[in-house]
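S.K.: coordinates for the following, if possible.
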Amino acid sequence: MIEQYVQIFIKFFFLFTPFFLLSTFLTMTQNFNSSQRKQVAVKVAIAVVIISLVLFYLGNYIFMLFGITLDSFRIGTGILLFLSAAAAVQGTGKDQVTNHTSDISVVPLAIPITVGPATTGALLVMGGELRQSWDKFIGVAAICTAIIAIGIMLYLGNVIERLIKKQGLTILAKITGLVLAALAAQMVMTGVLGFLGRT
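M.R.: All right, here's what the predicted structure looks like:
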């Protein structure tokens with residue numbers, strides 16, 4: 001149980017690309033004061049929790065509605081995730097806009113920066129894989145814990161920015177990209193083996 005919880009937590013912590021999100025958050029809120037940044041951080045965390053839970057619980061229904069197999073979705077998600085990983089490593093992610101007059105907590109910070117296409121696919125796959133109520137509870141708890149951890153990072157954004165600077169964030173974002181590439185490869189492999197009847 002604890003091992004499953006830790007595995008899901010680590011997986012989704014990196015799937016939410018926390019360091020790229022933090023870098024984008026700091027850039028987009030550079031004209032905000034500390035209190036405003038903290039308010040945005042809380043809103044982002046709440047929005048991501050709601051979006052993630054909806055996707056997690058809708059997974060099976062979406063598969064049934066469109067007649068999509070779990071293995072085919074694994075392969076498609078793995079490919080999207082690999083593209084996201086390549087963008088993170090190469091530093092060619094989403095554009096970072098600095099001046100905003102509207103609320104940026106839901107769009108673009110929650111969607112699509114935190115919960116992008118690849119993360120959406122991973123949430124749907126996870127919801128389809130975990131069929132037992134207890135397993136779903138562990139999955140939800142791990143995902144929510146990962147989001148809370150990322151929310152705390154954003155909340156402490158001013159402190160982190162002073163400690164590791166922009167270059168440090170860039171390095172961490174590239175490391176995240178490497179982890180995402182490994183997750184993508186594993187997801188595609190699992191899907192292919194499922195099609196071949198070996199799982």
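S.K.: can we go C-alpha only for contacts and neighbour counts from here?
M.R.: Fine.
S.K.: in what helix or strand does Ala118 lie?
M.R.: According to DSSP states H and E, Ala118 maps onto helix 117-129.
S.K.: mind checking how far that helix is from the chain centre?
M.R.: Centre-to-centre, helix 117-129 and its host chain are 10 Å apart (Cα atoms, centre = their mean, to the nearest Å).
S.K.: and the angle for the helix or strand just after that helix with helix 117-129?
M.R.: Per DSSP H and E, the first helix or strand lying C-terminal to helix 117-129 is helix 133-155. On the basis of axes from the mean of the first three to the mean of the last three Cα atoms, to 10 degrees, helix 133-155 is oriented at 160 degrees to helix 117-129.
S.K.: follow-up on the earlier one: any buried residues in the helix holding Ala118, and which?
M.R.: Judged by neighbour count using 16 or more other Cα atoms under 10 Å, the buried positions of helix 117-129 are 117-128.
S.K.: neighbours around Pro108, how many?
M.R.: 19 (other Cα atoms under 10 Å).
S.K.: quick one on the thing from earlier: export the buried residues of helix 117-129 to CSV and tack on distance to Gly194?
M.R.: CSV is the format used below for these (distance: Cα to Cα, whole Å):
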residue, distance to Gly194
Pro117, 22
Ala118, 20
Thr119, 21
Thr120, 21
Gly121, 17
Ala122, 16
Leu123, 19
Leu124, 17
Val125, 13
Met126, 15
Gly127, 17
Gly128, 14
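S.K.: could you pull out the strands in this protein for me?
M.R.: Per DSSP state E, the chain carries no strands over any range.
S.K.: how about the helices of it, start to end?
M.R.: Along the chain, counting by DSSP state H, helices occupy 2-15, 18-28, 34-66, 70-90, 117-129, 133-155, 157-195.
S.K.: okay if I get these as CSV plus mean pLDDT and distance to Ala110?
M.R.: Shown next, in CSV, are the helices of the chain (pLDDT from 0 to 100; distance: least, Cα to Cα, whole Å):
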stretch, mean pLDDT, distance to Ala110
helix 2-15, 95, 13
helix 18-28, 88, 9
helix 34-66, 92, 6
helix 70-90, 84, 16
helix 117-129, 90, 11
helix 133-155, 97, 11
helix 157-195, 87, 16
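S.K.: distance to Ser105 for the ones you listed - can I get that in CSV?
M.R.: Formatted as CSV, the helices of the chain follow (distance: least, Cα to Cα, whole Å):
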stretch, distance to Ser105
helix 2-15, 18
helix 18-28, 9
helix 34-66, 5
helix 70-90, 21
helix 117-129, 18
helix 133-155, 11
helix 157-195, 14
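S.K.: Met64 and Gly128: what is the separation?
M.R.: From Met64 across to Gly128, the span is 10 Å (Cα to Cα, to the nearest Å).
S.K.: for the buried residues of helix 117-129, work out which two are farthest apart.
M.R.: Maximum pairwise distance among the buried residues of helix 117-129 (Cα to Cα): 16.6 Å, between Pro117 and Gly128.
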